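>>> sharing a model that was predicted from the sequence below.
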Amino acid sequence: MIIKLYKSNISAGIILPPIIAIILCLPLLINEQTPITYNLEWQKHIFEFVNQSKILNFLFTLFILILNSTTIVKSFNQTTLFSKTTYLPAIIYLIFLSFSLEIQFSPIIVVHYLFILLITQVLKLNQTESALHASFKSGFLVGLISCFSLYYSILITVVFIPIVIIHSINIRELLISTLGMVVPLVYLFSAQYIFNNSNIDFGTIPDITIVQHQLLDYTKLFTLVLITFLGFKMVNSFYKHNSLLTKKLILILTVCCVTSVILWLVLFFGFDLIDSIFIIPFIYIVTIGSLSTKNDTFISFLLTITLIINIVALFFK
């Protein structure tokens, strides 16, 4: 099973993620391209150019998946949660991503990368007495993510609430993070005003009609919910028997999870949109839960079977 393999063999942790990333990208060379809808006009020129070629789509997608996998591993290992280096977050990221209906070079996988960086910065708020630098960088990353779609600006709560948890109400840090968020948006709107005949594009919610889901889709959703529930259950035990610093880190990750789920629910039930950004903070939770318990057989079995089924589904969709 995957978790036991990662606990016992660190070499497998290095080799396996690139192999799985290649397998997840292979359908791009076989299946027809799925049209992408864009929230802002600037994305269309970049992503459509790449998606015109199956080879380019495959290469760019593979690069981003490997980049995201390595970045989340580095982010997790920088925390003080565990003393040993682990590559488990990389494989859990790829497993969670395999739940997606379509994996290709698109804005959402770039947003995944930025969200990983955001969580990395937010976790650093707990490491220094003065967190002005981390607050600005966190807000700046929220601004960059919001350049892909303005509804991502809700992620500023991922910065505000941890600041309050760690430093009570610190007005300077709250203002600095807000300023950081505004800076990329000012540049975006200024560029639009200059190069788009004085018109500013605030973006639109794409008009997407959700296809009729089959039994497999509901089974995958149930499995994803079950995996995350088991992760939180194991983390709860880890939380109770650890230091105040560790407890604060877990609270921050919980805030990230709740915020991203609220965003997903609003988009799904309000606009019939499926956004996979919510998987990022849950990767941290499931990794912590899996590494903090010896009784990982069931969740390891679920992750392994899920990966196999999702890969098959991608090839034969």
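That came through, no problem.
>>> do you know the pLDDT at the residue nearest to residue 107 when sequence neighbours are not counted?
Spatially, and ignoring its direct neighbours in sequence, residue 107 is nearest to residue 148 (4.9 Å; Cβ to Cβ, 6 or more residues apart in numbering). All C-beta spots, glycine's among them, are computed from the backbone N, C-alpha and C. pLDDT, residue 148: 86.
>>> what segments of this structure are helices?
Secondary structure of the chain by DSSP state H: the helices cover 2-8, 10-25, 27-30, 41-51, 54-77, 88-97, 107-124, 132-146, 157-167, 171-195, 215-240, 244-271, 279-291, 297-315.
>>> want to throw those helices into TSV with mean neighbour count?
Shown next, in TSV, are the helices of the chain (neighbours: other Cβ atoms under 10 Å):
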stretch	mean neighbour count
helix 2-8	18
helix 10-25	17
helix 27-30	16
helix 41-51	15
helix 54-77	19
helix 88-97	26
helix 107-124	22
helix 132-146	24
helix 157-167	20
helix 171-195	16
helix 215-240	15
helix 244-271	17
helix 279-291	25
helix 297-315	17
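>>> so where's the chain uncertain?
For the chain, the stretches with pLDDT under 70 are 1, 3-12, 126-130, 167-170, 196-218, 270-273, 317.
>>> what's the local residue count around residue 150?
For residue 150, the neighbour count with other Cβ atoms under 10 Å is 16.
>>> from residue 184, how far off is it?
Residue 150 is 12 Å from residue 184, where distance means Cβ to Cβ, to the nearest Å.
>>> tell me the contacts of residue 234?
When contacts are counted by Cβ atoms under 8 Å, 6 or more residues apart in numbering, residue 234 touches 288-290, 292-293, 296, 299.
>>> no no, residue 106
Shown in contact with residue 106 (Cβ under 8 Å, 6+ apart): 36, 47.
>>> coming back round to it: neighbours of the residue nearest to residue 107, how many?
Counted with other Cβ under 10 Å, the neighbours of residue 148 add up to 21.
>>> with residue 101 instead?
For residue 101, using other Cβ under 10 Å, the count is 15.
>>> for it, which non-adjacent residue is closest in space?
residue 274 (7.1 Å).
>>> right, and the one you found touches residue 268 too?
Yes: applying Cβ atoms under 8 Å as the test, residue 274 and residue 268 come out as touching, 6.2 Å apart.
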